[in-house]
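K.L.:
I'll drop the sequence and a predicted model, then ask my questions.
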Amino acid sequence: MLDPRVERLADVLVNYSTRVQRGENVLVEAFGIENQLVKAIVQKIHQAGGHPFVNVRDHQIIRELLIGATEEQIKTWAEFDAAQMNLMQAYIGVRGGNNIYELSDVPDEQMKLYNKLYNHKVHSTIRVKNTKWVVLRYPTSSMSQLASMSTEAFEKLYFDVCTMDYSKMSRAMDALVELMNKTDKVRLVSPGTDLSFSIKDIPAIKCAGEMNIPDGEVFTAPVKNSVNGTITYNTPSPYNGFVFENVKLRFENGRIVEATSNDTERINQIFDTDEGARYVGEFAIGVNPFILNPMKDILFDEKIAGSIHFTPGQAYDEADNSNRSSIHWDMVLIQRPEYGGGEMYFDDVLVRKDGLFVLPELQPLNPDQLK
């Protein structure tokens, strides 16, 4: 018998996030999770009249493939999966696993090829642009550890987060979208951070459960050459199997001219992947009232209430500042008091202080009103 929480989550994914219609092909891609949720998703797709297809993936196997992979092999791998993705109208990616460091010893050159030749082609070019898609994490013991919670407590948090009233969140976001669409200059101030940039004429997009679960952000992008100043991220940031901490970036006219972290050499190698990797493709504001602390999982961390993420790399088509890169690296700054506080200004007007919106029309996005 299905756990009713799992059935509810499957219903959200199929009937709210991707809105599967009769006759549509839906690819369900499951990484390192148990079968219960996959079975529930397949059942819901069938009930909606769709055609489910399932890929079961394992990060240990992906590691073995990548360690010995040649450029030719990765290109063929990408062509193979691209052909499948081109047949889909919707995509549901369920990602779990017991070790976030599984890919940490894959050589950098292999990871760069994988991101450039596989992820960029299959996901950035085809899946993101041409399907109705949603991606989510599934709770595992390792996620409970990363969140510093018991397994039972984390599971409760997980289902609260993933099955919250996203339609209410969506309505509350409308005022923030309207304000951002009128805004030119943004300034962020926090300990170690004083950053200014323009978002003029770049659309603001609300994310309320349709592409990510959990969800809860409004994103846009900075005008490519407008970013100046310094940002110091105060959450750990996993990337390609390594957890970066104390990341500090200094910008001049949009470009990262100085980057330091707990592994400064490694982080600069990533930013040297291509020219666009040193420019920013996304600025987003996190508002999920159930997610308060980082757990080294970006699908959760980028939605933290009172946070922003400022993302080197590829811009999204919906909020395009023309930056192109094979990377898209979300890094998070939390501005609530317990993380040092901070202010966000739009055109020199204080919009959010210490993680709480101060303008009356934006206060429905504060955690006490959004839960």
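P.N.:
Ah, there it is.
K.L.:
pull out the buried residues from the helix or strand that contains residue 154.
P.N.:
Element membership of residue 154 [criterion: DSSP states H and E] is helix 151-162. Residues 154-155, 157-159, 161-162 are the ones in helix 151-162 that count as buried (16 or more other Cβ atoms under 10 Å). Bear in mind the C-beta positions are built from the backbone N, C-alpha and C, glycine included.
K.L.:
now tell me what touches it from outside.
P.N.:
5, 8-9, 12, 136, 139, 141, 143-144, 147, 149, 213-214, 288, 290-291, 300 (Cβ atoms under 8 Å, 6 or more residues apart in numbering).
K.L.:
which of those are buried?
P.N.:
5, 9, 12, 136, 139, 143-144, 147, 149, 213-214, 288, 290-291, 300.
K.L.:
for residue 169, which non-adjacent residue is spatially closest?
P.N.:
Once flanking residues are discounted, residue 169 sits nearest to residue 208: 4.5 Å by Cβ to Cβ, 6 or more residues apart in numbering.
K.L.:
I figured the one you found hits residue 219, correct?
P.N.:
No - the pair residue 208 / residue 219 is not scored as a contact, 11.7 Å apart, by Cβ atoms under 8 Å.
K.L.:
one step back: among the contacts of helix 151-162, which are in strands?
P.N.:
136, 213 (DSSP state E).
K.L.:
max-length helix in this protein?
P.N.:
helix 166-182 (DSSP state H).
K.L.:
what strands line up against the helix or strand following that one, and which way round?
P.N.:
Of the helices and strands lying after helix 166-182 in sequence (DSSP H and E), the nearest is strand 185-190. Using DSSP bridges, the strands paired with strand 185-190 are strand 193-198 (antiparallel), strand 343-346 (antiparallel).
K.L.:
was I right about residue 77 contacting residue 121?
P.N.:
No - Residue 77 is beyond contact range of residue 121, at 9.8 Å (criterion: Cβ under 8 Å).
K.L.:
before we move on, back to that, which elements pack onto the longest helix of the chain?
P.N.:
Under the contact criterion of 3 or more Cβ pairs under 8 Å, 6 or more residues apart in numbering; DSSP states H and E, helix 166-182 touches strand 205-207, strand 217-220, helix 367-370.
K.L.:
can you do 10 Å?
P.N.:
For helix 166-182, the helices and strands in contact under the criterion 3 or more Cβ pairs under 10 Å, 6 or more residues apart in numbering; DSSP states H and E are strand 205-207, strand 217-220, strand 280-286, strand 343-346, strand 349-353, helix 367-370.
K.L.:
and that helix, how far out from the chain middle?
P.N.:
Chain-centre distance of helix 166-182: 19 Å, with Cα atoms, centre = their mean, to the nearest Å.
K.L.:
can you check stretch 149-164 too?
P.N.:
19 Å.
K.L.:
which residues in the stretch 201-350 of the chain form strands?
P.N.:
Assigned by DSSP state E, counting those that start in this stretch, the strands in the stretch 201-350 of the chain fall at 205-207, 212-213, 217-220, 228-232, 237-239, 242-244, 248-252, 255-260, 280-286, 307-312, 332-334, 343-346, 349-353.
K.L.:
could you dump these to TSV with mean pLDDT?
P.N.:
As requested, the strands of the stretch 201-350 of the chain are arranged in TSV below (pLDDT from 0 to 100):
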stretch	mean pLDDT
strand 205-207	96
strand 212-213	84
strand 217-220	98
strand 228-232	98
strand 237-239	91
strand 242-244	92
strand 248-252	98
strand 255-260	98
strand 280-286	98
strand 307-312	98
strand 332-334	98
strand 343-346	98
strand 349-353	98
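K.L.:
and of those, who's closest to residue 103?
P.N.:
strand 242-244 (9.0 Å; Cβ to Cβ).
K.L.:
burial count for the residue nearest to residue 169?
P.N.:
24 (other Cβ atoms under 10 Å).
K.L.:
show me what contacts it?
P.N.:
By Cβ atoms under 10 Å, 6 or more residues apart in numbering, residue 208 lies in contact with 16-17, 164-173, 215-218, 287-288.
K.L.:
and of the strands of the stretch 201-350 of the chain, who's closest to residue 360?
P.N.:
Across the strands of the stretch 201-350 of the chain, residue 360 has its closest neighbour in strand 349-353 (11.6 Å, Cβ to Cβ).
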